[in-house]
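Visitor: Fold the following and give me the result.
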Amino acid sequence: MELSELKTMLELSGGAAFALEGGRICAATPEAEALGFVPGEAALGLPAEMGPEAPGAICLKTLKLAGGKTWTLRGMALENWLLCFLSPEKPRVPGPNENSLLHAAGRVRAATQEMTAALDGIADYLPGEDAASRCAALGLRSVYRLRRTASELELFARLRSGSYNLNRQSCYPASRTAALCGEAGELLREAGVRLRCELPERDAVACLDWPLLETMLRELLTNAAAHCRDGEITLRLSRNGRNGLVFAVSNLWDAPLPEELFQRHGEERELAPEGLGLGLSVVSLGASLHGGSMMLSRDEEGRVTALLSVEGGQGSDQSVRSLIQLPGGTEATLEALSWVLPPHCYRLEDLL
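Guide: The predicted structure follows:
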């Protein structure tokens, strides 16, 4: 190849390019000369290991040139020359993190507040049972679904980053579980699902972050109700040692679960497995924070059981405030079950 042909090849690159021969620059495009790569001079700033290569060999280097700008150099050996092509390195945009999730949660909450205010404003103009009222109930259910998404985003971000302050307080878990099952069971009947609650005969004081634990239980009940073949769910509470509790949520699933889901939860883990939905990730992280775990099992009939184990603390925590205020009561249950309950459970006349 002649030198003129080499120059033509460099010009075809449409950018900064030059050729080395014997460690010196023998040809360069105007863009490369502007960066200091002038024919006849030594190629300053190049790594020392860049030299003659076997024909066809490719090398890739990162250079910081005048002005502090970073360039990517691609070198290709051709006969007696080393052809070098320069391109500015594009700045890398950091991926989403916990702050991104919190920002998204805030945007969702702001939108739902505005939508709730709008629905509240038209509630007085809607007759009780007409089509407009049913449409409004459908819209309000969507608001509750968005609230649930925002809550999951925020709680997941706090749990994963370690900024959630576990706040164990003395409580009677059997009584609290009975109250939760009463609220959820009454609403689930509207969706054609019966919830049975099995509790220990004696209740005992335990130090738990009950708002967080209750949020986790609502998630398990929602998942069970969404895939219930025979319309029955069982929530069973039992003690495990002196301070431990085990919650078991069982139901007959309407379809086989993906094998990968069981593989992710086939053994105890300290961190949430990758690739899960926000809800199950929150349960896994919350269980780990309580010194326990979340596992799945299934029998030959297709009955799936989610086992949630937690360890109670030795005493109440001094902290009484957290960065996140978890919803509670019937409103929280309406929010958690919004993906399985029918629209008439969200009539504006009853809720706003």
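
Visitor: what about the strands in the stretch 51-200 of the chain?
Guide: Taking DSSP state E, counting those that start in this stretch, the strands of the stretch 51-200 of the chain run over residues 58-64, 70-78, 81-88, 169-171, 194-198.

Visitor: Next: the stretch 251-352 of the chain.
Guide: Assigned by DSSP E, counting those that start in this stretch, the stretch 251-352 of the chain shows strands spanning 293-298, 303-311.

Visitor: Can you tell me which of those strands is most buried?
Guide: strand 303-311 (a mean of 20; mean count of other CB atoms under 10 Å). (Glycine included, C-beta is placed from N, CA and C.)

Visitor: centroid residue for the protein?
Guide: The C-alpha lying nearest the average C-alpha coordinate of the chain belongs to Leu278 (CA atoms, centre = their mean; 5.2 Å).

Visitor: Dump the strands of the stretch 251-352 of the chain to JSON lines, plus mean pLDDT and distance to Thr330.
Guide: Shown next, in JSON lines, are these (pLDDT from 0 to 100; distance: least, CB to CB, whole Å):
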{"stretch": "strand 293-298", "mean pLDDT": "86", "distance to Thr330": "25"}
{"stretch": "strand 303-311", "mean pLDDT": "91", "distance to Thr330": "22"}
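
Visitor: ok so, going back, and the strands of the stretch 51-200 of the chain, which one is worst for confidence?
Guide: For the strands of the stretch 51-200 of the chain, mean pLDDT drops lowest on strand 58-64, to a mean of 68.

Visitor: wait, doesn't the residue nearest to the centre of the chain sit right on Ala157?
Guide: No. Contact criterion CB atoms under 8 Å: Leu278 and Ala157 do not qualify, at 9.7 Å.

Visitor: Can you give me the distance of Arg202 to Arg239?
Guide: In this view, Arg202 and Arg239 are 9 Å apart by CB to CB, to the nearest Å.

Visitor: The two: who's more crowded?
Guide: Higher neighbour count among Arg202 and Arg239: Arg239, with 16 against 7, using other CB atoms under 10 Å.

Visitor: returning to that earlier point: enumerate every residue touching the closest residue to the residue nearest to the centre of the chain other than its chain neighbours.
Guide: Closest residue in space to Leu278, ignoring its immediate chain neighbours: Glu152 at 4.2 Å, by CB to CB, 6 or more residues apart in numbering. Contact partners of Glu152, counting by CB atoms under 8 Å, 6 or more residues apart in numbering, are Leu278, Gly279, Val282.

Visitor: In JSON lines: those, plus distance to Pro30 and pLDDT.
Guide: Shown next, in JSON lines, are the contacts of Glu152 (distance: CB to CB, whole Å; pLDDT from 0 to 100):
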{"residue": "Leu278", "distance to Pro30": "54", "pLDDT": "75"}
{"residue": "Gly279", "distance to Pro30": "59", "pLDDT": "83"}
{"residue": "Val282", "distance to Pro30": "58", "pLDDT": "88"}
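
Visitor: so can I have CSV of those showing distance to Asp350?
Guide: Listed next are those as CSV, based on distance: CB to CB, whole Å:
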residue, distance to Asp350
Leu278, 28
Gly279, 26
Val282, 28
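
Visitor: between those, which is closest to Arg218?
Guide: Of all the contacts of Glu152, Gly279 has the smallest distance to Arg218: 9.3 Å, by CB to CB.

Visitor: rewinding a little: which ones among the contacts of Glu152 map onto helices?
Guide: Leu278, Gly279, Val282 (DSSP state H).

Visitor: The last one contacts Glu154, correct?
Guide: No. Taking contacts as CB under 8 Å, Val282 lies outside contact range of Glu154: 10.1 Å.

Visitor: re earlier: of all the strands of the stretch 251-352 of the chain, which lies closest to Ala137?
Guide: Closest among the strands of the stretch 251-352 of the chain, once you apply CB to CB, is strand 303-311, at 30.4 Å.

Visitor: The closest one pairs with which strands, parallel or anti?
Guide: strand 244-253 (antiparallel), strand 293-298 (antiparallel) (DSSP bridges).

Visitor: Find me the pLDDT at Cys345, would you?
Guide: Confidence for Cys345, expressed as pLDDT, is 90.

Visitor: and Thr8, how many neighbours?
Guide: 11.

Visitor: Which helix or strand contains it?
Guide: helix 3-11 (DSSP states H and E).

Visitor: Cool, thanks, talk later.
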